[in-house]
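Colleague: sequence unknown, structure follows:
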């Protein structure tokens, strides 16, 4: 009981009753069993705005997928720049920035240096494959790749010296805070999302399937939580419910198995891209994408007209991706929720109606991209190099005399083996 100090002049104290923690809110006695979302007009309005934005994003995404690998990479770069902009602005203080001209430019200097380093590592071999028909351009690109790490290192050192020289008295704390914040963005955001580009060139399948599973999980969790959610899942994200989490997990795992079969039928999605061209791809899909027939037991085939089922080996791997995207990847969203609570903000931005900012949509995608890359390299890719890769490395890094020496030595080894076998 709390005494109300604002009496109406009668001199008689008024009391208002505080609701005890064990009381049941009146809303929970509604016929819908306590689900406040389905009867909330604002929630319905929010759902339709969110749905409209989602359909536009999916449509644009499908169009970019059709355009090809380079356009998808360009989309990833744009997303990374927008995410960096949102996060740079999160700790920005306009009053301090007025006394630090050019300090914002320093943040972007570190960002684009990191972009040059990471994408240079991922795309160097494909760039060589693209220009190998032009000798002059080939030599220029080979030289740039050879000194790629040196260039990136000195660009970073230049930024480091720029930062030291820009330090101003009474601004040290803010400047060092911005310096640390910039590097956290590069490590937590940029480095993780850059694995997406590596997945794209390993085969669009390994980019599109993980990204689609995150979208499916997000939509399913929202719908299951909207209509059936009653039990809170985690305090960091009050709108998340156990019903939404479990329902989305089941839907995502089933979708992973089905989508892998559908996507695995298209060479455009399964073939790796070995250069930076935009033409259509044709290749041997490999054993992962060749269906295997499994016979049903007699007691099943006697009840149904089907004698068996055709399953691609990659579908079993897709189950692992589905399991991760439904159980582990959501923790990227929980991390983002905790982050926003720490800074007392609702969203990272407002660029996507009903969704918030770009960062709000990419939190789980970053976690998923790293896992998809590591999983592919560890359990799917059969070899870490090919004959073409070895030959390209020889041509790129060795002089003509060294190449002739390798040719001579390999010929001698093969000749010795031929005599020994005979």
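Modeller: Yes, it's here. What you are looking at is a predicted structure, and each value in this text was computed from that prediction instead of being measured.

Colleague: what about the stretch 301-422 of the chain, any weak spots by pLDDT?
Modeller: The model of the stretch 301-422 of the chain has pLDDT under 70 over residues 353-355, 383-389, 392-393, 395-397, 421-422.

Colleague: Excluding chain neighbours, what is closest to residue 174?
Modeller: With sequence-adjacent residues excluded and distances taken as CB to CB, 6 or more residues apart in numbering, residue 174 is closest to residue 96, at 4.9 Å. Where you see a C-beta, it was placed from the backbone N, CA and C, and this is true even at glycine.

Colleague: Is residue 279 in a helix, a strand, or coil?
Modeller: coil (DSSP: H, G, I helix; E, B strand; the rest coil).

Colleague: Look up how far residue 151 lies from it.
Modeller: Distance, residue 279 to residue 151, by CB to CB, to the nearest Å: 30 Å.

Colleague: Quick one: the strands in the stretch 201-350 of the chain, in order.
Modeller: 232-234, 237-241, 292-295, 308-311 (DSSP state E, counting those that start in this stretch).

Colleague: Residue 224: which of these is closest?
Modeller: The closest of the strands of the stretch 201-350 of the chain to residue 224 is strand 237-241. By CB to CB, the value is 7.8 Å.

Colleague: partner strands of that closest one, parallel or antiparallel?
Modeller: Next to strand 237-241 in the sheet, as set by DSSP bridges, lie strand 232-234 (antiparallel).

Colleague: Let me know the average pLDDT across whatever helix or strand residue 115 lives in.
Modeller: Residue 115 belongs to helix 103-131 when assigned by DSSP states H and E. Helix 103-131 carries an average pLDDT of 89.

Colleague: what's it packed up against?
Modeller: Applying 3 or more CB pairs under 8 Å, 6 or more residues apart in numbering; DSSP states H and E, one finds that helix 103-131 makes contact with helix 69-90, helix 135-146, helix 148-166, helix 172-184, helix 195-202, helix 387-397.

Colleague: tell me which strands and helices the first one is in contact with?
Modeller: Okay, so that is helix 69-90. By 3+ CB pairs under 8 Å, 6+ apart, helix 69-90 packs against helix 41-67, helix 103-131, helix 172-184, helix 191-193, helix 195-202, helix 358-375.

Colleague: Arrange those helices in CSV, one row each, with distance to residue 318 and mean neighbour count as further columns.
Modeller: Conversion of the helices and strands packed on helix 69-90 to CSV gives the following (distance: least, CB to CB, whole Å; neighbours: other CB atoms under 10 Å):
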stretch, distance to residue 318, mean neighbour count
helix 41-67, 18, 13
helix 103-131, 24, 18
helix 172-184, 33, 15
helix 191-193, 21, 18
helix 195-202, 14, 22
helix 358-375, 10, 22
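
Colleague: Of all those helices, which one is nearest residue 391?
Modeller: When the helices and strands packed on helix 69-90 are compared by CB to CB, helix 103-131 sits nearest residue 391, at 10.8 Å.

Colleague: I figured residue 207 hits residue 72, correct?
Modeller: Yes. The pair residue 207 and residue 72 qualifies as a contact (CB atoms under 8 Å) at a distance of 7.1 Å.

Colleague: neighbour-wise, which of the two wins?
Modeller: Taking other CB atoms under 10 Å, residue 207 and residue 72 do not tie; residue 207 has more neighbours (26 against 21).

Colleague: that older thread, can you tell me the element the residue nearest to residue 174 falls in?
Modeller: helix 94-98.

Colleague: Quick check: beta-bridge partners of the closest residue to residue 229 other than its chain neighbours?
Modeller: With sequence-adjacent residues excluded and distances taken as CB to CB, 6+ apart, residue 229 is closest to residue 241, at 3.3 Å. Legend: beta-bridge partners of residue 241 under DSSP bridges are residue 232.

Colleague: show me the residues around residue 241 that make contact.
Modeller: The contact partners of residue 241, by CB atoms under 8 Å, 6 or more residues apart in numbering, come to 224, 225, 228, 229, 230, 231, 232, 233.

Colleague: If we use 10 Å, what do you get?
Modeller: By CB atoms under 10 Å, 6 or more residues apart in numbering, the contact set of residue 241 is 35, 37, 221, 224-226, 228-234, 247.

Colleague: List just the nearest of these to residue 362.
Modeller: residue 221 (16.2 Å).

Colleague: Residue 248 is in contact with the closest one, correct?
Modeller: Yes. The pair residue 221 / residue 248 is scored as a contact, 3.7 Å apart, by CB atoms under 10 Å.

Colleague: Give me the common contacts of those two.
Modeller: Both residue 221 and residue 248 are contacted by 240, 326, 330, under the criterion CB under 10 Å, 6+ apart.

Colleague: and which of the residues you listed is nearest residue 186?
Modeller: Among these, and counting by CB to CB, the member closest to residue 186 is residue 330, at 24.0 Å.

Colleague: ok so, going back, okay, now the residue nearest to residue 174: neighbour count?
Modeller: 17.

Colleague: now do residue 332
Modeller: Using other CB under 10 Å, residue 332 is surrounded by 19 other residues.

Colleague: contacting residues for the closest residue to residue 366 other than its chain neighbours?
Modeller: Nearest in space to residue 366, with sequence neighbours left out and distances taken as CB to CB, 6+ apart, is residue 192 at 4.1 Å. Residue 192 is in contact with 332, 362, 365, 366, 367, 368, 369, 370, 371, 373, counting by CB under 10 Å, 6+ apart.
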